[in-house]
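Asker: what's the 3D shape of this:
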Amino acid sequence: MKTLIVYDSLYGNTKRIAQALAESLSEATVIPVDEADLADLKEYGLVIVGSPTQGGRPTPAIKAFLGAIPAAGLRNIGVAAFDTRISAAGCGPVARFFLGVFGYAAGRIGRDLQAKGGRPVAPPEGFLVKDKEGPLEAGEAERAAAWARKLAAAESTVR
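Answerer: Model prediction:
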């Protein structure tokens with residue numbers, strides 16, 4: 001199954017997750033969001049979109065990409081969303097409060113993909129970074145690879 005992974009990355013952490021996903025999938029193309037072509041979406045059986053979380057939201061570039069997808073532009077295409085984020089457990093009470101209020105980017109990305117007709121193959125997923133600029137927490141790239149294998153298995157049972 002052909003898979004497209006579109007990502008935005010500010011410090012390289014989300015890019016590393018996107019690459020780990022691709023390495024676990026047989027036919028995956030990884031593209032930074034500024035190089036993504038909406039006309040190509042129908043060529044793929046699975047589209048995965050990822051972003052760092054900024055104020056509970058994806059980056060402006062990912063939001064613009066999602067907004068530009070035509071209505072029903074992802075019809076009959078499996079979709080999945082991920083983000084990179086700081087763990088609430090490592091934050092103080094004020095930061096935990098704001099994380100609770102604003103949440104993370106992956107859920108918003110997932111809802112946008114589904115609103116464009118995409119068929120979710122798994123709940124949105126978050127991968128942890130140690131600080132705003134990273135690096136990734138230990139084992140997160142490996143966890144991303146395992147998640148990619150689950151996505152592929154879920155999508156293959158639908159087809």
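Asker: need the helix or strand of this structure with the lowest average pLDDT.
Answerer: The least trusted helix or strand in the chain, going by mean pLDDT, DSSP states H and E, turns out to be helix 93-102, with a mean of 59.
Asker: other SSEs contacting whatever helix or strand comes next after it?
Answerer: Beyond helix 93-102 on the C-terminal side, the first helix or strand identified by DSSP states H and E is helix 105-115. With contacts defined as 3 or more C-beta pairs under 8 Å, 6 or more residues apart in numbering; DSSP states H and E, the packing partners of helix 105-115 are strand 46-52, helix 60-68, strand 78-86, strand 119-120. C-beta here means a position set from N, CA and C on the backbone, and glycine is covered the same way.
Asker: again, only this time at 7 Å
Answerer: Judged by 3 or more C-beta pairs under 7 Å, 6 or more residues apart in numbering; DSSP states H and E, the packing partners of helix 105-115 are strand 46-52, helix 60-68, strand 78-86.
Asker: name the stretch among these that sits most buried.
Answerer: Stretch with highest mean neighbour count among the helices and strands packed on helix 105-115: strand 46-52 (a mean of 29; mean count of other C-beta atoms under 10 Å).
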